[in-house]
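[1] no sequence on this one, just coordinates:
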């Protein structure tokens, strides 16, 4: 049974590989995003030495690492799920002998592995060549980062699954999906590191799951968080992973009760 | 006239479908506004840590953002190509479009009209009014006509760029991630382009000219003389990129052979 789930990873990976041409432009666009962010921050720093505890060099690294992490954890599970719901094919998927949500997660992982190899790694190499990125030297930082990156993927995908399943309750969840994309990018610390937000907002963001996607792993990788702090970060990620399972399980069960197919 | 009639019919149809999913309408309006609010938060956060961004103060940057929202709202209302590949190529709806008399691209625009997006344009105008009065900007005789011309030119630029990118789906039928990322990059056109290095300035001005949907035209109203020339170039850039978009599109349609299903 477990083997079947692994097959979903493999199949998605191979499907993505068949369409890899699309990702060459992705590398370019991610690099461009890093570049534009880098220059915006440079202008904001002006002559200043440090902002919200980030030095200029750390900010550059943070921007590059955050965007490249996004290249890995980003996926369109929300759209896939809501399409399944809207065209009714979810009814078939529900009666198949597997767990629909788990299958989606596996497909997301297959896509993530593809994006890791074809988008994140080459993009990172280009970013390092173009911008003054300072990478950590200790192996522990790298291992820690990879583990955290995996949790970023899990949490981001969980949020996508929740957004996608919401299509059961608001028939057209286009707006919610758009809103989710913007909120995740902004509140995860991708566009602005969370320490730079005004005090009241950053204290709200610290109790939301989004920071676990980008800000926390990025802080570890840039060396702002070290030693015991790294375990705290990992702990927060694990807790959010577990907490987000609750709404997914609930939505999944409520959805099975509520399923009505709008044509198809 | 024929096309105007079609537009009205489609808007009527839109209202009917919308009334079926009433709650959803408000979800979309609220989510659009939140989307604008998040961008606004970014500007606020920047100016908590600095007084000027490349020589532009907070009110000026906010004003530019206000202008940026106006054409973007119009564009998202009438030219919504999000999900084109999945809907029209993969599912074969393009075949249906091509058998009808009206121009195929126009039909696709019509089928995806999204009036709630116009809310963003109204809020943009309000933001321009507030930050403009904070700056003591004069209301000249040319302000209103120029606003309309520059808005339409910016809409033409958006349409040109996104039509070009969407026409790529005629060549490769895989779902692409380019469009969402473009949405990310276009927002950088609202910051003073002078803060970027030369390569990115050239890119945002001449290759994917998003500087012409925000900072350049807005500079005209802000009486920023250094960018006035660029501002007046906006209609030309709009015409050129719209032309490229339409050419790429019709070339792609000619190549289109239909998908299964």
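    Structure received. Predicted, not measured: the structure shown is a model, and the values here were computed from it. Residues are numbered from 1 along each chain as shown, chains lettered A, B, ... in the order given.

[2] Okay, helices next: where are they in chain A?
    Along chain A, the stretches classed as helices by DSSP state H are A:2-18, A:21-45, A:56-73, A:77-86, A:90-95, A:100-115, A:121-130, A:139-165, A:174-187, A:199-205, A:215-221, A:228-258.

[3] roughly how far is the first one from the heart of the chain?
    Here helix A:2-18 shows a centroid-to-chain-centroid distance of 20 Å under the convention C-alpha atoms, centre = their mean, to the nearest Å.

[4] before we move on, what about stretch A:252-261?
    With C-alpha atoms, centre = their mean, you get 27 Å for stretch A:252-261.

[5] Identify the residues contacting that stretch?
    A:88, A:90, A:91, A:94, A:100, A:101, A:165, A:168, A:169 (C-beta atoms under 8 Å, 6 or more residues apart in numbering or on different chains). (Each C-beta comes from the backbone N, C-alpha and C, glycine too.)

[6] ok, now with 6 Å
    Residues outside stretch A:252-261 that contact it (C-beta atoms under 6 Å, 6 or more residues apart in numbering or on different chains): A:88, A:91, A:101, A:165, A:168.

[7] Equivalent analysis for stretch A:176-188, please.
    Contacts for stretch A:176-188 (C-beta under 6 Å, 6+ apart): A:78, A:163, A:166, A:191, A:205, A:210, A:213, A:214, B:31, B:34, B:35, B:38.

[8] Count residues in the vicinity of the closest residue to the last one other than its chain neighbours, would you?
    Counting by C-beta to C-beta, 6 or more residues apart in numbering or on different chains, residue B:38 lies nearest to residue A:186, which is 4.6 Å off, once chain neighbours are set aside. The criterion is other C-beta atoms under 10 Å in any protein chain shown. On that basis, residue A:186 has 21 neighbouring residues.

[9] so where's the chain uncertain?
    Using chain A. A:1, A:171, A:259-264 (pLDDT under 70).

[10] I was after chain B.
    By pLDDT under 70, the weakly predicted segments of chain B are B:21-24, B:172-177, B:258-261.

[11] Nearest the geometric middle of it, what residue?
    residue B:72 (3.5 Å; C-alpha atoms, centre = their mean).

[12] Could you measure from it over to chain A?
    The gap separating residue B:72 from chain A is 13 Å, by C-beta to the nearest C-beta, to the nearest Å.

[13] now swap in residue B:255 and tell me
    Residue B:255 sits 16 Å away from chain A, going by C-beta to the nearest C-beta.

[14] what residues are up against that residue?
    Applying C-beta under 6 Å, 6+ apart, we find residue B:255 in contact with residue B:170.

[15] could you redo the last one with a cut-off of 8 Å?
    Counting by C-beta under 8 Å, 6+ apart, residue B:255 has contacts B:170, B:171.

[16] Now do the phi/psi pair for it.
    Dihedral angles of residue B:255 (phi, psi; degrees, to the nearest 10) stand at phi -80, psi -20.

[17] With adjacent residues omitted, what lies nearest to residue B:213?
    residue B:154 (4.1 Å).

[18] and the helix or strand encompassing the one you found, what does it pack onto?
    Under the criterion of DSSP states H and E, residue B:154 resides in helix B:143-167. With contacts defined as 3 or more C-beta pairs under 8 Å, 6 or more residues apart in numbering or on different chains; DSSP states H and E, helix B:143-167 has these neighbours: helix B:58-78, helix B:178-186, helix B:215-221, helix B:228-255.

[19] Now do the shortest one: which elements does it pack against?
    Here helix B:215-221 is seen to pack against helix B:58-78, helix B:143-167, helix B:228-255 when contacts are counted using 3+ C-beta pairs under 8 Å, 6+ apart.

[20] any idea which of the ones you listed is most buried?
    Neighbour counts (mean count of other C-beta atoms under 10 Å in any protein chain shown) averaged over each of those peak at helix B:58-78, with a mean of 23.

[21] got the contact list for stretch A:106-125?
    A:5-6, A:8-13, A:15-17, A:20, A:23, A:26-27, A:30-31, A:64, A:67-69, A:71-75, A:77, A:80, A:153, A:157, A:160.

[22] would you turn the helices and strands packed on helix B:215-221 into CSV with distance to residue B:202?
    Converted to CSV, those look like this (distance: least, C-beta to C-beta, whole Å):
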stretch, distance to residue B:202
helix B:58-78, 20
helix B:143-167, 16
helix B:228-255, 13
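
[23] Please report how far the residue nearest to the centre of chain B lies from residue B:117.
    8 Å (C-beta to C-beta, to the nearest Å).

[24] related to what we said a few turns ago, show me which of the contacts of stretch A:106-125 neighbour chain B.
    Counting by C-beta under 8 Å from any C-beta of the partner chain, A:23, A:26, A:30, A:74 from those sit close to chain B.

[25] re earlier: quick check: the residue nearest to the centre of chain B touching residue B:158?
    Yes. Residue B:72 lies in contact with residue B:158 (C-beta atoms under 8 Å); the separation is 7.2 Å.

[26] Give the residues shared as contacts by those two.
    Joint contacts of residue B:72 and residue B:158 (C-beta under 8 Å, 6+ apart) are residue B:213.

[27] any idea which of the ones next to chain B among the contacts of stretch A:106-125 is the one closest to residue B:49?
    residue A:30 (25.3 Å; C-beta to C-beta).

[28] how near is the closest residue to that closest one other than its chain neighbours to residue B:100?
    Spatial nearest neighbour of residue A:30, excluding adjacent residues (C-beta to C-beta, 6+ apart): residue A:123 at 4.9 Å. For residue A:123, the distance to residue B:100 equals 42 Å [C-beta to C-beta].

[29] neighbour count winner among these two?
    Legend: neighbour count by other C-beta under 10 Å for residue A:123 and residue B:100, higher for residue A:123 (25 against 9).
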